[in-house]
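**Student:** dropping a prediction and its sequence here:
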2 protein chains.
Amino acid sequence: MTISMSSASLPVFRTMLENLSHILDKGAAHAEARKFDPAVLMQYRLSPDMLPFTKQIQIACDAAKFGAARIAGIEAPRYEDKEASFPELKARIQKTLDWLATVPADRIDGTEDKEITFPVGRESTRTMKAEAYLKHWVLPNLFFHVTTAYAILRHNGVELGNSDYLLGAKA
Amino acid sequence: MTISMSSASLPVFRTMLENLSHILDKGAAHAEARKFDPAVLMQYRLSPDMLPFTKQIQIACDAAKFGAARIAGIEAPRYEDKEASFPELKARIQKTLDWLATVPADRIDGTEDKEITFPVGRESTRTMKAEAYLKHWVLPNLFFHVTTAYAILRHNGVELGNSDYLLGAKA
């Protein structure tokens, strides 16, 4: 097989979101074992001006969802950011995965040079070709938010390691 | 242009290592402005059982270097892990970038189905096809260590934002 825009995007999005869901299980189990409210983890920030755990999960989902939608030129469903528990966060990931599974690979393939215009912050947009957008915007953002969620849990004593972050790495 | 194994790897490695170097500048400037020893940042860990900042930089460099070398089937230079200052860490990144610039793209292109065997931990190895190895091992590791280095600095008050992490995103 030859690498393609769809093979460079969809399986990576799926694997990282599945790993993120697995990491959430460990966070929830830790809170239960230590008998503290999981909301403490959900609101935790590594720095006062960084986003809390819940937001890291929501943005990781949206990075994959809007990335795929924009490259494929299809409409992505909008999800309200109102998750208030670990099960709800896991459901957010799952509905993102379910939607990603409906994106036709052939709408993503061959888009390398297609111009993608996307919002940056609240008031501006940026335009990149789809290949650059995937490699230098969508993937860095997705990995950033998954890693930061993982780091928040590690920082709070959740027993996680490399193999959790890389769980779904397939041969 | 069509996406290829080399275009999906080398420019991403380069951009993220360049961004990492830029992030280091901000960390060093912060230590200088606040008049504390930068070694404090270099030894900082987000959790007692996570690796310190210096190690995050070394591993980010090695993830890109060994990833490219294994896929291309060429020997990568070994760098001793002995950096003891921010300028030395920046030099480690720069020599990795310099070496990456010598890797011929045509040794990476067409390797999608080539089997890559690589060490996992100290005592075992794993084998993946090169496309999966790039997408599900090398890139997740590279982004993990760059993001964790960034998070360590943010956690310690360094003024960094999205635009620093994504600095080199090219159209």
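**Tutor:** Thanks, I have the structure now. Note that the structure is a prediction, hence the values are computed from the model and not measured.

**Student:** may I have the secondary structure class of the spatially most central residue of chain A?
**Tutor:** Residue closest to the average C-alpha location in chain A (CA atoms, centre = their mean): A:A60, at 2.4 Å. Following DSSP: H, G, I helix; E, B strand; the rest coil, we place A:A60 in the helix state.

**Student:** pretty sure it sits against A:P140.
**Tutor:** No: using CB atoms under 8 Å, A:A60 is not in contact with A:P140; the gap is 11.9 Å. Yep, even glycine has a C-beta here, placed from its N, CA and C like the rest.

**Student:** quick check: closest non-adjacent residue to the residue nearest to the centre of chain A.
**Tutor:** Excluding the flanking residues, the one nearest A:A60 by CB to CB, 6 or more residues apart in numbering or on different chains is A:H145, at 3.8 Å.

**Student:** so what's the residue count around that neighbour?
**Tutor:** Neighbourhood size, A:H145 [other CB atoms under 10 Å in any protein chain shown]: 24.

**Student:** try A:V40
**Tutor:** 12.

**Student:** and the host helix or strand of it with chain B, contact?
**Tutor:** If you go by DSSP states H and E, A:V40 is part of helix A:39-42. No: counting by CB under 8 Å from any CB of the partner chain, chain B is not contacted by helix A:39-42; separation bottoms out at 13.7 Å.

**Student:** from the chain's centroid, how far away is that helix?
**Tutor:** Put simply, helix A:39-42 sits 18 Å off its chain's centre (CA atoms, centre = their mean, to the nearest Å).

**Student:** export that helix as CSV, just CAs?
**Tutor:** C-alpha atoms of helix A:39-42 as CSV (Å, rounded to 0.1, in the frame of the first residue of the first chain):
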residue,chain,number,x,y,z
ALA,A,39,-14.3,16.4,38.8
VAL,A,40,-11.1,17.4,40.5
LEU,A,41,-9.2,15.9,37.7
MET,A,42,-11.6,17.3,35.1
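
**Student:** list the buried residues in that helix.
**Tutor:** Using 16 or more other CB atoms under 10 Å in any protein chain shown as the test for burial, helix A:39-42 gives A:41-42.

**Student:** which elements pack onto that helix?
**Tutor:** Under the contact criterion of 3 or more CB pairs under 8 Å, 6 or more residues apart in numbering or on different chains; DSSP states H and E, helix A:39-42 touches helix A:10-34, helix A:53-72.

**Student:** let's see that with 7 Å instead.
**Tutor:** If you count contacts as 3 or more CB pairs under 7 Å, 6 or more residues apart in numbering or on different chains; DSSP states H and E, helix A:39-42 packs onto helix A:53-72.

**Student:** continuing past the helix it packs on, what's the next helix or strand?
**Tutor:** helix A:86-100.

**Student:** doesn't A:I59 make contact with the residue nearest to A:A60?
**Tutor:** Yes: counting by CB atoms under 7 Å, A:H145 does reach A:I59; the two are 4.8 Å apart.

**Student:** tally of neighbours for the residue nearest to A:E75 when sequence neighbours are not counted?
**Tutor:** Leaving aside its chain neighbours, A:E75 sits nearest to A:A69 (6.6 Å; criterion: CB to CB, 6+ apart). Around A:A69 there are 18 other residues, counting by other CB under 10 Å.

**Student:** okay, now the unreliable bits of chain A?
**Tutor:** Residue ranges of chain A with pLDDT under 70: A:170-171.
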